[in-house]
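pasted the sequence and its predicted model underneath.
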Amino acid sequence: MSAVGDVKPSAAGVPEAAILADLTPQQWRSGAAAWLGWLFDGLDMHLYTLVAGTFVAQLLGAASPADPLVKRYSSWIQAAFLVGWALGGAFFGRLGDRLGRSRALALTILTYALFTGLSAAATTWWQLMVFRFLAALGIGGEWAVGSSLLAETWPRRWRPWIAAVLQTGVNIGVLFACVTVFLFAELRNYNPRYVFLVGILPALIVFWIRKSVPEPEEWRQAKQSAVTRDPPMRDLFRGEVCPITLKTILLCSLALTGWWAFMFWHPQHIRNLPELATWSPAQKDQLVSLVFFLVIGVSIGGNFFAGWLANLFGYRVSIGIMCLGFFLAMFGSFCVPRNHEALIWWLPWVGFFSGVFGLFTMYLPPLFPTLLRTTGAGFSYNIGRLVSAFGVVFFGLFAQVGDFRKTLLYMSFLFPAAMIVSWFMPEPRE
């Protein structure tokens, strides 16, 4: 990894690193903390997605995950998770601007680890919904805080590649979730609730973060130079920042709604394919885990492809290209009925173009002033979760019992709209 051209000073007045060997211990620790936070984000985020049908059916005493009540309540739980993600992004983003990036990062990780683990204790669907909502507060907050931490400590010219590496942390976390579910399903007395206990692991890194990861110098300087107080959140909707906030919210709402509908409904679609009618719940969960593994594994390549595009064309054009690819991949996957063998070849392409979300991690924070950075990035990105929460439930209403193909097909058309919005987005000011 290297920068091109002359070495420029950072906001703190220190020359930016040109090669990896030039990085300071503080930069390495900040990078490790953000990457690990994102890795465990991915793990805790998708444990539920992989076992939703099976676990909710168990909680409801339903005979099959294809039961209409399972579809209804599992989508409500996922919607509550996405709402919690949005609120957590705003709440912890604000804490990140007020208390510091390192302190807020530790709090977000502790929050999602605790409540993911507690999901294993749920005995009713609404208890699971509450635990998923509370876990999502931390997961949403970690995105805003972790991305701002790296944006303020690592070289600016490396941002497209930093974004790819950071998003890869999420992808690897999701792969760990797939492996967890696959291995648990191998157990003789398989019970999907116990996969959530693995979600407690992230709490182990909190103490290291508090001890070893200092606050960024850019944040310290901005904090010290603030004349009276931190800028209020309403400043996001004032002056030249307002149109940036509104366009970012619209872009993220469209893209995230399409992505989360895919992430939540495609496992349910696979699990209920007609040719799998005679398979056991454990066998279906293993197939879902395998497909999920392929989708997320391929997405790692998509992260670096998106970073390569950003280096060539800038962020907004690259986001538009990735959204176009996203649409073509989803449309191709669900425009006609396909069996599970065909979907195994199609769905990884959707994962590849999900690399667009890696660009958001380094693209959004610099759009906002320093003391509104985690607030602005966290709010604008995660407010899209509120829209996507509605979308998961609303578009799920179009699904026939056990068939979510049309739902997924309709959702693919959100990506051309996101592509149009990206054309009007600014490039980062730094």
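Received the coordinates, thanks.

contacts only, for the closest residue to L409 other than its chain neighbours.
Nearest residue to L409, sequence neighbours excluded (CB to CB, 6 or more residues apart in numbering): F334, at 4.2 Å. Placement of C-beta: from N, CA and C, glycine included. Residues near F334 by CB atoms under 8 Å, 6 or more residues apart in numbering: R405, K406, L408, L409, S412.

show only the entries of those residues found in strands.
Nothing among the contacts of F334 maps onto strands, per DSSP state E.

PyMOL command for the buried members of these?
Remark: buried members of those, expressed as a PyMOL selection using 16 or more other CB atoms under 10 Å:
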select buried, resi 405+408+409+412
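
which of the contacts of F334 has the weakest pLDDT?
Minimum pLDDT for these is recorded at K406 (83).

next, I19: phi, psi?
Main-chain torsions, I19, degrees, to the nearest 10: phi -140, psi 170.

give me the pLDDT for it.
At I19, the pLDDT value in this model is 71.

excluding chain neighbours, what is closest to G146?
A34 (4.0 Å).

let me see the contact set for V179.
S289, F293.

let's see that with 10 Å instead.
L43, V198, S289, F293 (CB atoms under 10 Å, 6 or more residues apart in numbering).

wait, the first one sits on P202?
Translated: L43. Yes - with contact defined as CB atoms under 10 Å, L43 reaches P202; the gap is 7.4 Å.

quick check: neighbours shared by those two?
Shared contacts of L43 and P202 (CB under 10 Å, 6+ apart): Y112, A113, T116, G173.

of those, closest to P216?
Y112 (22.4 Å; CB to CB).

returning to what we had before: quick one: which of the contacts of V179 is most hemmed in?
Counting neighbours by other CB atoms under 10 Å, the top entry in the contacts of V179 is L43, with 26 neighbours.

list the contacts of the residue nearest to R271 when sequence neighbours are not counted.
With sequence-adjacent residues excluded and distances taken as CB to CB, 6+ apart, R271 is closest to K284, at 4.7 Å. By CB under 10 Å, 6+ apart, the residues touching K284 are G53, T54, P65, A185, P267, I270, R271, N272, L273, L276, H340.

distance check, K284 against L47.
Noted for K284: a distance of 16 Å to L47, by CB to CB, to the nearest Å.

ok, I200 next?
I200 sits 11 Å away from L47, going by CB to CB.

looking at those two, which one has more neighbours?
The neighbour comparison of I200 against L47 (other CB under 10 Å) goes to L47, with 30 against 16.

tell me which element that one falls in.
For L47, the element it lies in under DSSP states H and E is helix 25-60.

flag every buried residue along that helix.
Neighbour-count burial for helix 25-60 [16+ other CB under 10 Å]: 27, 29-60.

what segments of the stretch 101-250 of the chain are helices?
Ranges of helices within the stretch 101-250 of the chain are 101-118, 125-153, 159-185, 206-212, 217-225, 241-271, based on DSSP state H, counting those that start in this stretch.

how far does the longest one sit from its chain's centre?
Meaning helix 241-271. 10 Å (CA atoms, centre = their mean, to the nearest Å).

and the angle for the helix or strand following that helix with helix 241-271?
Note on helix 241-271: by DSSP H and E, the next helix or strand toward the C-terminus is helix 281-313. Angle of helix 281-313 versus helix 241-271, following axes from the mean of the first three to the mean of the last three CA atoms, to 10 degrees, is 150 degrees.

any idea how far helix 281-313 is from the chain center?
With CA atoms, centre = their mean, you get 13 Å for helix 281-313.

kindly report the same for stretch 211-227.
Chain-centre distance of stretch 211-227: 26 Å, with CA atoms, centre = their mean.

same question for stretch 353-369.
That offset, for stretch 353-369, works out to 11 Å (CA atoms, centre = their mean).

straight-line length of it, end to end?
29 Å (CA to CA, to the nearest Å).

from the contacts of F334, pick the one nearest T108.
L408 (30.6 Å).

and the closest one, what does it touch?
L408 neighbours (CB under 10 Å, 6+ apart): 258, 261-262, 264-266, 268-269, 330-331, 333-335, 350, 395, 398-399.

how close does it get to L414?
Relative to L414, and taking CB to CB, L408 is found at 11 Å.

S30 now?
34 Å.

now swap in R101 and tell me
32 Å.

which of these two has more residues huddled nearby?
Comparing R101 with L414 by other CB under 10 Å, the one with more neighbours is R101, at 31 against 25.

any of the contacts of L408 buried? List them.
258, 261-262, 264-266, 268-269, 330-331, 333-334, 350, 395, 399.

among the helices of the stretch 101-250 of the chain, which comes closest to G358?
Nearest to G358, of the helices of the stretch 101-250 of the chain and by CB to CB, is helix 159-185 at 3.1 Å.

now that closest one against helix 25-60, angle please.
Using the same axes, to 10 degrees: helix 159-185 against helix 25-60 is 40 degrees.

quick one: helix 159-185 to chain centroid distance?
On CA atoms, centre = their mean, the centre of helix 159-185 falls 10 Å from the chain's centre.

flag every buried residue along it.
Within helix 159-185, the residues that count as buried by 16+ other CB under 10 Å are 159-178, 180-182, 184-185.

now do stretch 110-129
Buried residues in stretch 110-129 (16+ other CB under 10 Å): 110-120, 122, 125, 128-129.

ok, A106 - contacts?
33, 37, 142, 145, 203, 205-211, 213.

try G358
So G358 contacts 160-171, 299-300, 302-307, 310, 322 (CB under 10 Å, 6+ apart).
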